[in-house]
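In: Sequence first, predicted coordinates after that:
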Amino acid sequence: MDINFNKNEDHNKLLVSDLRKRFAKVKLGGGQKRIDKHHAKGKMTARERIDFLLDDKKNAIEIGAFAGDDMYADHGGCPSGGVVVKIGYVKGKQCIVVANDATVKAGAWFPITGKKNLRAQEIAIENRLPIIYLVDSAGVYLPMQDEIFPDKEHFGRIFRNNAVMSSMGITQIAAVMGSCVAGGAYLPIMSDEALIVDKTGSIFLAGSYLVKAAIGETIDNETLGGATTHCEVSGVTDYKAKDDKDALTTIKNIIDKIGDNATAGYNRKKSENPIDSPKDIYGILPKARNEQYDMYEIIKRIVDKSEFDEYKAGYGQSIITTYARIDGWAVGIVANQRKIVKTKKGEMQFGGVIYSDSADKATRFIANCNQKKIPLVFLQDVTGFMVGSKSEHGGIIKDGAKMVNAVSNSVVPKFTVVIGNSYGAGNYAMCGKAYDPRLIVAWPSAELAVMSGNSAAKVLLQIEKASLLKKGEEITKEKEEALFSKIKDRYDAQVSPYYAAARIWTDAVIDPLETRTWISMGIEAANHAPIEKPFNLGVIQV
């Protein structure tokens, strides 16, 4: 191994170590003291509930673990958005589980909580996955109610989705394991079946204090909306559980009897490990985001047997298009080549840049994968489309539009891995969040932004300097350098993969070694949902 490999390896392992430390902190939710108080009430935490419910807690992936990260400091923070979401297996059936974390503001809904719950429901709808809600929430976080209550993608959309999923035949099971108040009370009752835990679970539109204030009635919460009331008097809930484990066991037994649905029929053979060690990725991926590397070497360490069948290998070489298998599943890979390549015409193409021929090739490949019913995997490390008179005169906008059109109209499931740069229109063409990937994850080395921090800082510096000069201020070299550093530091914080994950622009930040698992579980989920419409590009300029 050369010295650069060792330096890269050290750098990337440190990034993964930082990822693990961040995740360990997030897993504590509202902190150990609140966890202890939760246990003292005879309740399991959200993560403990999910672990007990799943067949194997290790055979699962977590959606939005870093949601809300550093977003609500003025309100005491909201780790994981106050809700834990995992895709795993219950009695052998792949399910998505959504559990309120009552150690975080009593499970109250922040704006990001709503967004994360909607993302979970979106995954369930797209993939026809059974969804299990473990409810323990005080309802909308009132100090921020204007950002969670009235809009289309806010709190009320949850219940609309409950109704839509029911009409689609997607199984929904809810267990009320703590508070379930006001508008939130509709979620379990709009599910197919609802359970409630005796003495700790409660459901009501208004609690005892509000009832007293509104109509003068004096009543305790247990009589108003406890398990006995709703299982024996109102008939609102279907099962009464003696404790958390009893409720979760009942859910397992319900899931165990669900029938199988039709599949999409994606091709899968026996899984085989890559021949080239995936751990080499740490040494291949460069420390600096502007350095070159060979994307083929990354692909070899992700796909089965390190084998792939490349489409149009000698054409449009700044994008790699190839067929392969990941954990046995047939996939079509669209990846940005990050090293400078020389074309047959003797021209040089910069790594990470999309050229006209590359966009044209990718468009054809995406169409082929749709024709053959092969899921698509996008490996992003892209700085954008090529600029300049030669590219403009050659129709780069038209060719880029064709690629975006193909990505937009693709009917096979798409999965996106942000390996490095994800800048500008390159993010869109390579299936960024706006283009409906079934799952989108980032490696710790990723950056998502309109442009790099260095480039953006230079542009913003010129604007700032012009503003100060208009005010008559003198700009010394020292002041200019200080301004540049301040602007770049602020911008660099925004391009971080954790900044994106906090806002659920990606579903997770993952160790590169987990990539095969995420793609495999994602395709397995997608296989529950047969394709319902033909692939059609619509109007497209050729």
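Out: Ah, there it is. Since we're looking at a predicted model, the values are computed, not measured.

In: Distance of the residue of the chain positioned farthest from its centre relative to L483?
Out: In the chain, G472 marks the outermost C-alpha relative to the chain mean, sitting 47.3 Å out by CA atoms, centre = their mean. With the distance defined as CB to CB, to the nearest Å, G472 ends up 16 Å from L483. C-beta here means a position set from N, CA and C on the backbone, and glycine is covered the same way.

In: ok, now L205?
Out: L205 sits 54 Å away from L483, going by CB to CB.

In: Those two - which one has more neighbours?
Out: Comparing L205 with L483 by neighbour count (other CB atoms under 10 Å), the higher total belongs to L483, at 17 against 14.

In: That one: which element?
Out: helix 477-495 (DSSP states H and E).

In: Pull out the buried residues from that helix.
Out: Taking 16 or more other CB atoms under 10 Å as the neighbour-count basis, helix 477-495 is seen to contain the buried residues L483, F484, I487, K488, Y491, D492, V495.

In: Can I get that helix as PDB, trimmed to CA atoms?
Out: Coordinates of each C-alpha in helix 477-495 appear next as PDB, following Å, rounded to 0.1, in the frame of the first residue of the first chain:
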ATOM      1  CA  LYS A 477      -5.800  41.900   3.300                       C
ATOM      2  CA  GLU A 478      -6.100  40.800   6.900                       C
ATOM      3  CA  LYS A 479      -9.800  41.700   7.000                       C
ATOM      4  CA  GLU A 480     -10.400  40.000   3.700                       C
ATOM      5  CA  GLU A 481      -8.800  36.800   4.900                       C
ATOM      6  CA  ALA A 482     -10.800  36.900   8.200                       C
ATOM      7  CA  LEU A 483     -14.000  37.500   6.200                       C
ATOM      8  CA  PHE A 484     -13.200  34.600   3.900                       C
ATOM      9  CA  SER A 485     -12.600  32.200   6.800                       C
ATOM     10  CA  LYS A 486     -15.800  33.200   8.600                       C
ATOM     11  CA  ILE A 487     -17.900  32.700   5.500                       C
ATOM     12  CA  LYS A 488     -16.200  29.400   4.600                       C
ATOM     13  CA  ASP A 489     -16.600  28.000   8.100                       C
ATOM     14  CA  ARG A 490     -20.300  28.800   8.100                       C
ATOM     15  CA  TYR A 491     -20.800  27.300   4.600                       C
ATOM     16  CA  ASP A 492     -18.700  24.200   5.400                       C
ATOM     17  CA  ALA A 493     -21.000  23.500   8.400                       C
ATOM     18  CA  GLN A 494     -24.000  23.500   6.000                       C
ATOM     19  CA  VAL A 495     -22.400  21.100   3.500                       C
END
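
In: Against which helices or strands is that helix packed?
Out: strand 447-449, helix 453-470 (3 or more CB pairs under 8 Å, 6 or more residues apart in numbering; DSSP states H and E).

In: For these, which has the smallest mean pLDDT value?
Out: Taking each of the helices and strands packed on helix 477-495 in turn, the one with the lowest mean pLDDT is helix 453-470, at a mean of 77.

In: what's that helix in contact with?
Out: Residues external to helix 453-470 that are found in contact with it (CB atoms under 8 Å, 6 or more residues apart in numbering): 447, 449-451, 475, 480, 483-484, 487-488, 491-492, 495.

In: now it against helix 477-495, angle please.
Out: Taking axes from the mean of the first three to the mean of the last three CA atoms, to 10 degrees, one finds helix 453-470 and helix 477-495 inclined to each other by 130 degrees.

In: how about helix 453-470: buried residues?
Out: Here helix 453-470 shows G453, A456, A457, L460, L461, E464, K465 as buried, counting by 16+ other CB under 10 Å.

In: can you check stretch 318-335 too?
Out: 318-327, 329-335.

In: Low-confidence ranges, the chain, go.
Out: Counting by pLDDT under 70, the low-confidence segments of the chain come to 1, 183, 346, 393-394, 453, 540-542.

In: Show me how far the helix ranked longest in the chain is from its chain's centre.
Out: Within the chain, and with DSSP state H defining each element, the longest helix by residue count is helix 3-26. Computed by CA atoms, centre = their mean, to the nearest Å, the chain-centroid distance of helix 3-26 equals 21 Å.

In: now do stretch 241-255
Out: Computed by CA atoms, centre = their mean, the separation of stretch 241-255 from the middle of its chain amounts to 28 Å.

In: just to revisit the earlier point, and of the buried residues of helix 477-495, the nearest to V140?
Out: Proximity of those to V140 (CB to CB) peaks at V495, which lies at 31.7 Å.

In: got the contact list for G332?
Out: With contacts taken as CB under 8 Å, 6+ apart, G332 has the following neighbours: T321, T322, Y323, F365, I366, N368, C369, I374, P375, L376, V377.

In: With that, I have no additional questions.
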